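Asks: Sequence first, predicted model second:
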Amino acid sequence: MAPSSIVKTSCRGCHGVCQVLVHCDASGRPVKVTGDPDSPTSRGYICPKGAAAIEQATHPDRLRRPLQRVGPRGSGRYEPISWDAALERMAAAFDAVRRESGPEYVALCQGTGRPYTEFTGRFIHALGSPNFVSPGHNCFLPRNIASALTVGWLPVADVYGRGGGCPACVFVFGCNSMATGAADGLCGSMAGKALRQADQVIVADPRRTPTAATADLHLQLRPGTECALALALLHVIVGEELYDRDFVARHCQGFAELAAHVAVFSPDWAAPITRVAAEDIRRAARVFATAKPACLLWGNGIDTSVNAFQTGRALLLLMAITGNLDVPGGMVRWVPPAGVRCKSPQEDKNILGMQFLTPEQKARMIGAGKFPFVPGCHQPTFWDACLTGQPYRPRAVWLVGTNPMLTATRGDVVEAALRDHLEFTVVSDLFMTPAAELADLVLPAAHWLEQDDVVYFHKIWCVLARQRVLDPGEIRDDREVILALAHRLGLDDAFPWPDWPSYLGWLLEPSGLDFKAFAAKCILFGEMRYRKHEANGFPTPSGRVELVSSVMARLGRPSLPVYVEPPHSPVSSPEIAAAYPLILMTGCKVLPFFHSEGRQIDSLRRLRPTPQVAVHPDTAAALGLAPGDPVWVVTPAGRAKLHLRPDAGLSPDVVQADHGWWYPEQPGPEHGWRESCVNLLFGHEHFDPDCGAEPLKCSLCRLEPATA
Ligand SMILES: Nc1nc2c(c(=O)[nH]1)N[C@H]1C(S)=C(S)[C@@H](COP(=O)(O)OP(=O)(O)OC[C@H]3O[C@@H](n4cnc5c(=O)[nH]c(N)nc54)[C@H](O)[C@@H]3O)O[C@H]1N2
Ligand SMILES: Nc1nc2c(c(=O)[nH]1)N[C@H]1C(S)=C(S)[C@@H](COP(=O)(O)OP(=O)(O)OC[C@H]3O[C@@H](n4cnc5c(=O)[nH]c(N)nc54)[C@H](O)[C@@H]3O)O[C@H]1N2
Ligand code: SF4
Ligand SMILES: [Mo]
């Protein structure tokens, strides 16, 4: 049937900002999703996840009604209940725990940042519990918090050229969004366009990614050594006086100390550590410092190590001393549209509702004080506490949009917590996941095709409209559920909006538009301004870029970045490397899947039917392994079965294993989650001392043949 109408909306298949067209047939039923060629955020791009949105939203396995467990945990026996009964049960259970033990015994866990993050954080904090648990320690927040300390805001690569200038040099550092679709609120295809336009592209990545293969310079570093590389780049730029003198003099604090600090970190020092030739480090430093403007596409490759926070700091210093902060084509601070009540976390420290917690309640956060810059409750420490009862054992937990047995480390601990230790568990999800199979209550969550939304999650230079094109039936938007529950629990101060549409109306109020008028416009633009520091300085304690961090110094942490060797590496632990000779990276994102999602979507699964471990062909041959062979990836903590994919672009001693794998087609409650879960390969033993990040991309393993 010929499409009879087209609805413009924005995709939420990942963190991207792609605007899309939903083609509907004569009866208004969506039949196809395509990229929107007129979109300034994505220029017609759509990835397979976006194109599969209808298949996902209308999948027969979608959860459609609230369910309550009637058999023992893990029996898979559930019966439908009404929303009213489900909310009443949750309110009664959370309230009982709050009164009997204290609000901190209730926790809310979510996965990656999603449109509801501000409501989930606000809810649990308004309840009086500091235990808001997320994977933020391993994702984005190390960079975000290092930015807050150093610059006062999060610098983002100006690949969109809103100010008319495009980057002359793009340094891609541990980011692969050009190949995976999107990351951090930036469309990978638009980043790719900026790369093609740039005079110079440098890539720091242990893998020969498609971007690295076409770059002017590929620094193929050993996983986990990126801080050493960054320090050597600073050494060259300072030593050869390639820095921006004017910017440093007027806006930076601590340059002399930085110069003295990096004097010893020469490219010759870094070369044996990083395995990048000293001459290549010099060349990269010279290009990055002299190409104007230059930007840095930094990504999750640097977040997942015990050096994540210091690496973030080192890269911020690189952006600063080369004079690339808030210049067109450099590393900018977006100005969001004035007409929408959205603020960046730096502008509104209370965005997660922290103001609702008393200092005593904050101090009760599980893991409080363990890491000075951990964003919220430290995820691994939280799950451990459920088993050990140290410092206390949480009693009730609500998992909103997370599949932690697959995506948090030590899925075995998570599973034991959900099955044996927590008294009351609720899971909100689109599908019955291995975690949902253990829950007492399962709540069906709305897909983005079923949502009306004002999309400002990444606080970029625009706000996008999302419009409901599918009837959700009994399914509810997570935020409607949070509002209803908050009202039942008397949290009206934190949630003054009667329902979701009134919240959207409140967000849009300054613009003078109601939701319908906003949806018709599809997008509102901020008025981008650059070099805002010239008038206002930087929102740090000193008003300058803190090359030497006063906050770190006050907390007794290194105030200038230092390199720390990964705890499991051929250098730091040769005795472990003797039995586990390969360097292990896990979880480099892949185009068809968003983490553990999409395995039941046929069109996506066909693109990657099985979990893969990428291995250099010589290494595979030496082990007698052929392409496609099942192999165990083995570490001192556990093993996971994946399929061999030869990759001649890897170093012979580096392997990369997919994360997030479970098999929805296998019987519940496990759905085969233990078989290929690379997050069973890590103990809870090594963390970044500043932000609690885990070495997910720089550990050690060996490969063993497996049977199919
Ligand atoms: N080994 C290894 N592990 C990693 C990583 C790695 O690189 N290596 N990366 C880490 C990173 S960066 C992150 S962010 C985390 C991600 O960790 P998670 O966020 O736990 O991962 P997802 O698979 O996206 O899980 C989300 C669940 O939410 C459901 N869902 C999707 N949309 C909605 C919604 O709107 N509402 C609700 N209620 N549910 C929804 C999905 O069906 C899915 O079951 O994983 C981390 N894990
Ligand atoms: N298709 C798809 N898109 C996604 C996601 C998804 O699951 N699927 N997840 C979303 C989420 S939550 C996130 S956080 C982003 C992450 O997206 P990105 O920031 O692009 O992160 P990754 O894909 O995890 O890894 C990026 C690159 O870092 C490299 N790397 C690994 N170790 C190191 C190292 O030690 N040093 C350096 N310099 N590089 C290293 C890897 O080889 C990889 O090419 O993607 C988002 N977008
Ligand atoms: S990259 Fe992300 S936002 Fe863009 S179409 Fe794909 S899933 Fe949707
Ligand atoms: Mo992430």
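Replies: Thanks, I have the structure now. Because the structure is a prediction, the values reported are computed rather than measured. Ligands and ions are numbered 1, 2, ... in the order given.
Asks: Which residues does whatever helix or strand Leu504 lives in contact?
Replies: Here Leu504 sits within helix 500-508, counting by DSSP states H and E. For helix 500-508, contacts defined as Cβ atoms under 8 Å, 6 or more residues apart in numbering pick out 339-342, 452-454, 456, 477, 479-480, 483, 497, 514-515, 518. Where you see a C-beta, it was placed from the backbone N, CA and C, and this is true even at glycine.
Asks: Does at least one residue of stretch 668-688 sit close to ligand 1?
Replies: Yes - Stretch 668-688 reaches ligand 1 (Cβ under 6 Å from any ligand atom) through 678-679.
Asks: Near ligand 2, which residues of the stretch 601-708 of the chain? Just list them.
Replies: 697-698.
Asks: all strands of the stretch 601-708 of the chain, in order?
Replies: With strands called from DSSP state E, counting those that start in this stretch, the stretch 601-708 of the chain shows them at 612-615, 630-635, 638-646, 654-657, 699-705.
Asks: Name the stretch from those that approaches Leu318 most closely.
Replies: Closest of those to Leu318 is strand 654-657, at 24.6 Å (criterion: Cβ to Cβ).
Asks: so how far is that closest one off the chain centroid?
Replies: From the chain centre to the centre of strand 654-657 is a distance of 20 Å (Cα atoms, centre = their mean, to the nearest Å).
Asks: is it up against ligand 1 anywhere?
Replies: No - for a cut-off given as Cβ under 6 Å from any ligand atom, strand 654-657 has no contacts with ligand 1; the smallest distance is 7.9 Å.
Asks: after the helix holding Leu504 comes which helix or strand?
Replies: Next element after helix 500-508 (DSSP H and E): helix 515-521.
Asks: Show me what that following helix is packed up against.
Replies: strand 462-466, helix 500-508 (3 or more Cβ pairs under 8 Å, 6 or more residues apart in numbering; DSSP states H and E).
Asks: how does it look with 7 Å?
Replies: With contacts defined as 3 or more Cβ pairs under 7 Å, 6 or more residues apart in numbering; DSSP states H and E, helix 515-521 has these neighbours: helix 500-508.
Asks: Mind listing what's buried along stretch 195-214?
Replies: 195, 198, 200-209, 211-212 (16 or more other Cβ atoms under 10 Å).
Asks: In strands only, show me the contacts of helix 500-508.
Replies: Per DSSP state E, strands hold the following members of the contacts of helix 500-508: 453-454.
Asks: What is the nearest of the contacts of helix 500-508 to Ala706?
Replies: Nearest member of those to Ala706, counting by Cβ to Cβ, is Asp477, at 42.1 Å.
Asks: Can you report how many residues lie near the nearest residue to that closest one once chain neighbours are set aside?
Replies: Excluding the flanking residues, the one nearest Asp477 by Cβ to Cβ, 6 or more residues apart in numbering is Ala446, at 4.4 Å. Using other Cβ atoms under 10 Å, Ala446 has 23 neighbouring residues.
Asks: Same check on Pro501?
Replies: By other Cβ under 10 Å, 13 other residues sit near Pro501.
Asks: picking that back up, just the buried residues of stretch 195-214: which are in helices?
Replies: Using DSSP state H, the subset of the buried residues of stretch 195-214 located in helices is 195, 211-212.
Asks: how about stretch 469-479, does it get close to ligand 1?
Replies: Yes - using Cβ under 6 Å from any ligand atom, stretch 469-479 reaches ligand 1 at Asp478.
Asks: of the ones in helices among the buried residues of stretch 195-214, closest to ligand 4?
Replies: Nearest to ligand 4 among those is Thr211, at 19.0 Å by Cβ to the ion.
Asks: Hmm, that closest one is touching Val172, no?
Replies: Yes - assessed by Cβ atoms under 7 Å, Thr211 is found in contact with Val172 at 5.7 Å.
Asks: Quick check: neighbours shared by those two?
Replies: Residues touching both Thr211 and Val172 (Cβ atoms under 7 Å, 6 or more residues apart in numbering): Val203.
Asks: Take the strands of the stretch 601-708 of the chain and write them to a markdown table, including distance to Pro581, mean neighbour count and mean pLDDT.
Replies: Shown next, in a markdown table, are these (distance: least, Cβ to Cβ, whole Å; neighbours: other Cβ atoms under 10 Å; pLDDT from 0 to 100):
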| stretch | distance to Pro581 | mean neighbour count | mean pLDDT |
| --- | --- | --- | --- |
| strand 612-615 | 12 | 25 | 98 |
| strand 630-635 | 11 | 21 | 98 |
| strand 638-646 | 16 | 21 | 98 |
| strand 654-657 | 10 | 24 | 98 |
| strand 699-705 | 6 | 21 | 98 |
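Asks: of those, which approaches Arg114 most closely?
Replies: strand 654-657 (25.3 Å).
Asks: what comes into contact with that closest one?
Replies: Contacts of strand 654-657 (Cβ under 7 Å, 6+ apart): 206-207, 223, 582-586, 588, 613-615, 633, 640, 642, 650, 678, 701.
Asks: Can you show me the CA trace of it as PDB?
Replies: The C-alpha trace of strand 654-657 is given here as PDB (Å, rounded to 0.1, in the frame of the first residue of the first chain):
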ATOM      1  CA  VAL A 654      45.300  -7.900  21.300                       C
ATOM      2  CA  VAL A 655      41.800  -9.300  21.100                       C
ATOM      3  CA  GLN A 656      38.400  -7.600  21.100                       C
ATOM      4  CA  ALA A 657      35.200  -9.400  22.400                       C
END
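Asks: from here on, count from 836
Replies: Sounds good: first residue 836 from here, last item strand 1489-1492.
Asks: Per-residue pLDDT of the residue of the stretch 1386-1535 of the chain found nearest ligand 3, please?
Replies: At 7.0 Å from ligand 3, Phe1429 is the closest residue in the stretch 1386-1535 of the chain, using Cβ to the nearest ligand atom. Looking at Phe1429, its pLDDT is 98.
Asks: Repeat that for Gly999.
Replies: 81.
Asks: What's the separation between the residue in the stretch 1436-1543 of the chain positioned nearest to ligand 2 and Glu1410?
Replies: Using Cβ to the nearest ligand atom, the closest approach of the stretch 1436-1543 of the chain to ligand 2 is made by Lys1532 at 3.6 Å. Distance of Lys1532 to Glu1410, given as Cβ to Cβ, to the nearest Å: 22 Å.
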